[in-house]
Structure formats: C-alpha cells, structure tokens
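Colleague: Can you look at this prediction? I've put the sequence above it.
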Amino acid sequence: MPEIAEAARIVHFLKAHLVGKRIKVANAIEDVNVFGKAGTTGDEVAAAFKGKKVVGAGSQGKYFWLLLDSPPHAVMHFGMTGWIHIKGMRTGYTNYYNKLKADEIDMWPPKFWKLQLETDSNPKVELAFTDPRRFGRIRLVDCPGESIRKHTPLVENGPDPVVDAETSFTEEYFLERLRKRHVPIKALLLDQAFISGIGNWVGDEVLFHSRVHPEQYCDEFSEAQMKKLYASVRYVCRTAVDLLGDSDQFPEDWLFRHRWGKGSKNEVAQLPSGEKLSFVTVGGRTSCFAPALQKKSGSLPPGIKEEPVIIKDEKPAKGAAAKKEAASKKATSTKAAPKKAPAPKKATKPAKEVKMEEGADMEVEEKEEKPGPAQKRKRGALKAEAEADEEVPPVAPATSKKKIGKAAPAASKKAKTTPAEEKVVVDTGRRRSTRLTLR
C-alpha cells in the first residue's frame, strides 16, 4: 500500500511536470468507488479540472492534492493499488514495470485508468490516475487553496512527520500522545489520526531502528525509549521521502531489504548479521521484527501468536520425520521413566479342554461329518461295495430300529445263513453301516 514515501514521490513528479500548466482536456470514467465514495462523480471531477490552471501540489501523509487557480481542488488517495502515470516517463518503481508485459509498458491510456488530464502546453503533458482494485479516492474540496489542510479529509489526520517536523510534529507532542494511550505501539503508529503517512512497512522499520517490540503497550516505555522512538520516526520517514520511496537505494541495514522472505522457499528470512526474523499480527496487520534485537520490556496484549520464519537451512520436518523429531525432543527434555514389568498373562485352557466343555465334542464331530460333494460320492461307492459283499438286499429307509428288526429275519431265511450269525443293518442317522449280531 502506498505510504508517506509514495505520496511524496508522486508530488515530486506533479510539481515538475504539471504545476504551472493549464488543463485542456479532462476525462473521467464513472466509478462509484473511486469517485462515489468520496462524495462526487467522474463528470464533476472532470469539469473541475477542465480549463483550470494547476498552481500547486502537496502531500500530508498518504494524501496528496492538486491546487487549481479556483476551487474546488482535488484531494487524492492511492488506496492499495492506485498510481499516477505521466506519458513518456517512469513515475513508478522498477519492480512495477518489470511485472508488466512489453506492450503494456508504453500503453496509453494505461489499463484501469479512472481520470485523464491533458495540458495545452507544448509539448503537452498527459496524465492518468489508475487503480485496478478501486480502493483509491478522488474528491473535490471547495475551499481556498491555502486552507485545504483545515478541511476534510486532511483535518482529521495527524501531523506529517516530514512536512510538519518543525511545526506540529514535535517531541513533546509525540511523548504526550504515547502516555495518554494504552495500545500496542505498532497499532498506535498505524493510527493516521496520530501520525499521517505511516503504514505497515514504515512502522516496522521505525520499531526495528528503535529496538522496540511491536506488541508492547505504548504507555509503558521509559522516557528514553520514547525519545528514541521519536527519533526513529523522523529518521525513517525523512530518509524514505528523500529517496522518493526507491527501495533499491535504502540503506543495507534496513529491515525493508530483508523482510520479504515470509513464505518464500528461496529467501533467507534473517538479517545480514544473522538474526532471524519473525512475524506477528498487531492492529490487524502483520508485523515483521527481529526477536533477538527487539526484546519485550513491558506487558503485552494476551493471546497474540508469533509466526517464526525459519531460514532455508532449517526447514521444518514433515510427516514421519516430524513425529520422530518430536519424539526425540520429548525424550531429551524429560527423564526416561523406568520400564514396568510386563503383567503376567492369564492362564488359558488348552484347546482340547475348551472343546470338551458342554458338548463341544459333538459340535466338532458334526463338523467333521458334514460331507462335501467328493465325500458324498466316496461314501456312496463304499455303501454299494459293502452291500455287494454282504449280499444284503436293499432295505427301505427305516424310521426306527423296530422296523429294521422285522426285516432282518426274512432276509436271513432266503439267504440260508447259519443260525449262529446274522447280519443286521442299522441306521445311525448319518450313513448305513453293518455289524455282526451273535445269537
């Protein structure tokens, strides 16, 4: 998101190329976010510019404005993705143009444009306000140009740490506001009513240079810590503005150059001196800091979870390796408990004894006697062979031993067997068998 340095950068280009020139052509695309939420329309903004001479430009924190030779004047905010482009020059950063396709770099009008201006000068200047995500705002302020900061939205914002460094943004003002509030210091720095222009990365940079933990409450610092914080705000904001927000020129010892390793495989999330970086959410924003340098010296808000960024050589283990590592750490952190003697096994009955209980032998015997197809054929053959050997005629199926007993004598007379022995067929309920019965 554009912050104090980006607003100062675009004001630099506006003063160099637009101020002092008259607007000949002004066009705007109607957008209920960019214009509507600022209380105006695209047509009203275009009409306010057309035929007017631009007499000045300025900024306060994240806001910037164009003063015209008569009111209303235009006050703008980039939101998250807004920007000002001037045809034929690079107003953005190198990284921005590296992301564009070849045919998009010099495209005019640029993609996602909302407002276009063209001067009557020779050579003419063509300018466009773009915003892909439409969080930017363009509004009209009807007041004398010299009092524009006394009107909404600028009047609700705090002093600019660069523009107002010698007037309203004093050390006394800064320390007094810290003592009156009880919020985490990072959240207070992001409050635009306290200081204009400090966003996420600038706030982290300020806390890094003052060696302050982002979660610590602002009213619990010593006076020396508060003064160091004030000096860091002045230093970081002044340096960033002087360099027009060009991060390629930021000092090597700045956190900004090393904070972008979060979630990246090939980046090393640590400072050149070796201190690891970590992230924590404060005031709804993700804050980057160096725990070894920014130590906690007071009470902190409860329930805030830090997210350490592991350097490339210390990738966390996954799956089975992670379980093994956790088990190893647990074993080294606690004394090994003595092994308990194994409990004696309960005595169990042998398989034969279990089978013999309550007629289990009958169940086993029945299982063994259940014939399969092959067994049925075999038993049928044995039966026929036995009957042939004994010369016993087929006997009708008997339902009881009594019937079988009557049929036996008749069979023995025909066969003229000796009275000493007689063969009797007995039905066991499973298969026929023969046995000798002596008389």
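Modeller: Yes, it's here.
Colleague: was I right about residue 165 contacting residue 234?
Modeller: Yes - here residue 165 lies in contact with residue 234, judged by Cβ atoms under 8 Å, at a distance of 6.3 Å. C-betas here are computed from N, CA, C, even on glycine.
Colleague: so where is the stretch 1-150 of the chain shaky, pLDDT-wise?
Modeller: Counting by pLDDT under 70, the stretch 1-150 of the chain contains no low-confidence range.
Colleague: Show me the helices in it, by range?
Modeller: 4-17, 42-49, 94-98, 102-105 (DSSP state H, counting those that start in this stretch).
Colleague: Of all these, which one is nearest residue 238?
Modeller: Closest approach to residue 238 among those (Cβ to Cβ): helix 4-17, 9.9 Å.
Colleague: Give the buried residues for that closest one.
Modeller: Within helix 4-17, the residues scored as buried using 16 or more other Cβ atoms under 10 Å are 4, 5, 6, 7, 8, 9, 10, 11, 12, 13, 14, 17.
Colleague: ok, now stretch 91-108?
Modeller: For stretch 91-108, by 16+ other Cβ under 10 Å, it's 91, 92, 93.
Colleague: Return the residues in contact with the residue lying closest to the first one once chain neighbours are set aside.
Modeller: Computed as Cβ to Cβ, 6 or more residues apart in numbering, the closest residue to residue 91 that is not its neighbour in sequence is residue 13, at 5.0 Å. Residues near residue 13 by Cβ atoms under 8 Å, 6 or more residues apart in numbering: 84, 86, 89, 91.
Colleague: and the second one, how many neighbours?
Modeller: So that's residue 86. Residues near residue 86, counting by other Cβ atoms under 10 Å, number 18.
Colleague: Verify the contact between it and residue 17 for me.
Modeller: Yes - using Cβ under 8 Å, residue 86 makes contact with residue 17 at a distance of 5.7 Å.
Colleague: Give me the common contacts of these two.
Modeller: Joint contacts of residue 86 and residue 17 (Cβ under 8 Å, 6+ apart) are 125, 127.
Colleague: My guess is residue 92 contacts residue 83. True?
Modeller: Yes - with contacts counted by Cβ under 8 Å, residue 92 reaches residue 83, the gap being 6.1 Å.
Colleague: so what's the closest residue to residue 57 other than its chain neighbours up against?
Modeller: Sequence neighbours aside, residue 14 is the residue nearest to residue 57 in space, at 4.2 Å (criterion: Cβ to Cβ, 6+ apart). Neighbour list for residue 14: 54, 57, 64, 66, 84 [criterion: Cβ under 8 Å, 6+ apart].
Colleague: quick revisit: turn the buried residues of helix 4-17 into JSON lines, including distance to residue 137.
Modeller: Output for these, formatted as JSON lines (distance: Cβ to Cβ, whole Å):
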{"residue": "4", "distance to residue 137": "17"}
{"residue": "5", "distance to residue 137": "19"}
{"residue": "6", "distance to residue 137": "15"}
{"residue": "7", "distance to residue 137": "13"}
{"residue": "8", "distance to residue 137": "18"}
{"residue": "9", "distance to residue 137": "18"}
{"residue": "10", "distance to residue 137": "14"}
{"residue": "11", "distance to residue 137": "16"}
{"residue": "12", "distance to residue 137": "21"}
{"residue": "13", "distance to residue 137": "19"}
{"residue": "14", "distance to residue 137": "17"}
{"residue": "17", "distance to residue 137": "23"}
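Colleague: Can you name the two of the residues you listed that sit furthest apart?
Modeller: Top of the distance list for these (Cβ to Cβ): 4 and 17, 21.2 Å.
Colleague: Give me the distance between residue 79 and residue 137.
Modeller: Residue 79 is 7 Å from residue 137, where distance means Cβ to Cβ, to the nearest Å.
Colleague: of the two, who's got more company?
Modeller: Using other Cβ under 10 Å, the more surrounded residue of residue 79 and residue 137 is residue 137, with 22 against 17.
Colleague: Is that one bridged to anything, and to what?
Modeller: Following DSSP bridges, residue 137 is listed with bridge partners residue 77.
Colleague: That one against residue 32, yeah?
Modeller: No - in this structure residue 137 lies outside contact range of residue 32 using Cβ under 8 Å: 11.6 Å.
Colleague: Tell me which residues of the helix or strand hosting residue 173 come out buried.
Modeller: Following DSSP states H and E, one finds residue 173 within helix 171-180. Of all the residues in helix 171-180, those buried under the rule 16+ other Cβ under 10 Å are 173, 174, 175, 177, 178.
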